[in-house]
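1. Fold the stuff below for me.
(one chain, ligands or ions: 2)
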Amino acid sequence: MNEHYPIKRGWRPIPESDRRYKLFEEVYSYAKSIDVIPDNVEKPLLFEVTSSWNCGFCSCQKRSRRIYPCICLNECLRSIGDDKMRNLIVHEFAHACVPEEVHGPKWYAVANDIGKKWGYIADDKETDEEIIKLMQQNKKRYEVYCQCSHEYFMYRNIFVREPQKFTCPMCKTPLKSRVVQYKGGEKDDE
Ligand SMILES: [Zn+2]
Ligand SMILES: [Zn+2]
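-> Residues are numbered from 1 along each chain as shown. Ligands and ions are numbered 1, 2, ... in the order given. Sure, this is the predicted structure:
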């Protein structure tokens, strides 16, 4: 059954002994008890990921009418308290329940139904200062450069990911890229 889930290389499964998994179980069983999980939605798998941009995300795959969700949590937020972590999980889990619309009215309704038990009010953007700060510190910057040492600084994009596909207009050699500010894990998964 695991092969139906859209698991990507570099995602690390969060073990059941991890407090994030326990928070997820808490959210999941409460959502079940109030009957907001559609029948065709399988139980999500939980992963830790490295990402410069997302606090977390939910990736769903549809296989013969069933939905297989993966909830991914940014490793840079590992230290946030239980309440904030649970809110994040509620937010992402609501995406699993409403995969057809992102941050639409149905998503808000489900996220609020689940979250109100813990005082979470659904929001489509992050407002917590601690989380914003952690995400800011985590953002990596890259340098794209070439033989003639023209340098360009940028966040992760196509030039950073596949620099060899491009050549410098001056020296005509393939570009290269490297991280110039590095405060995350080993890999990026966007
Ligand atoms: Zn969202
Ligand atoms: Zn050059």
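2. element containing the nearest residue to residue 100 once chain neighbours are set aside?
-> Counting by Cβ to Cβ, 6 or more residues apart in numbering, residue 100 lies nearest to residue 106, which is 7.9 Å off, once chain neighbours are set aside. All C-beta atoms are positioned from the backbone trio N, CA, C, and that covers glycine. Assessed by DSSP states H and E, residue 106 sits inside helix 105-115.
3. List the buried residues in the helix or strand just after that helix.
-> Note on helix 105-115: by DSSP H and E, the next helix or strand toward the C-terminus is helix 129-138. Across helix 129-138, burial judged by 16 or more other Cβ atoms under 10 Å covers 131, 134-135, 138.
4. List of residues touching helix 129-138?
-> 52, 55, 74, 76-77, 79-80, 84, 88, 126, 183-184 (Cβ atoms under 8 Å, 6 or more residues apart in numbering).
5. coming back round to it: so what's the residue count around the residue nearest to residue 100?
-> Residue 106: 13 surrounding residues under other Cβ atoms under 10 Å.
6. measure it to residue 115 for me?
-> Going from residue 106 to residue 115 by Cβ to Cβ, to the nearest Å gives 15 Å.
7. ditto for residue 179
-> Counting by Cβ to Cβ, the gap from residue 179 to residue 115 is 36 Å.
8. related to what we said a few turns ago, by contact count, what packs against the helix holding residue 106?
-> Applying 3 or more Cβ pairs under 8 Å, 6 or more residues apart in numbering; DSSP states H and E, one finds that helix 105-115 contacts helix 19-33, helix 82-97.
9. now these in a markdown table, with mean pLDDT?
-> What follows is the helices and strands packed on helix 105-115, written out as a markdown table (pLDDT from 0 to 100):
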| stretch | mean pLDDT |
| --- | --- |
| helix 19-33 | 98 |
| helix 82-97 | 97 |
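10. how about TSV for the ones you listed, with distance to ligand 2 and mean neighbour count added?
-> Listed next are the helices and strands packed on helix 105-115 as TSV, based on distance: least, Cβ to the ion, whole Å; neighbours: other Cβ atoms under 10 Å:
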stretch	distance to ligand 2	mean neighbour count
helix 19-33	45	17
helix 82-97	42	22
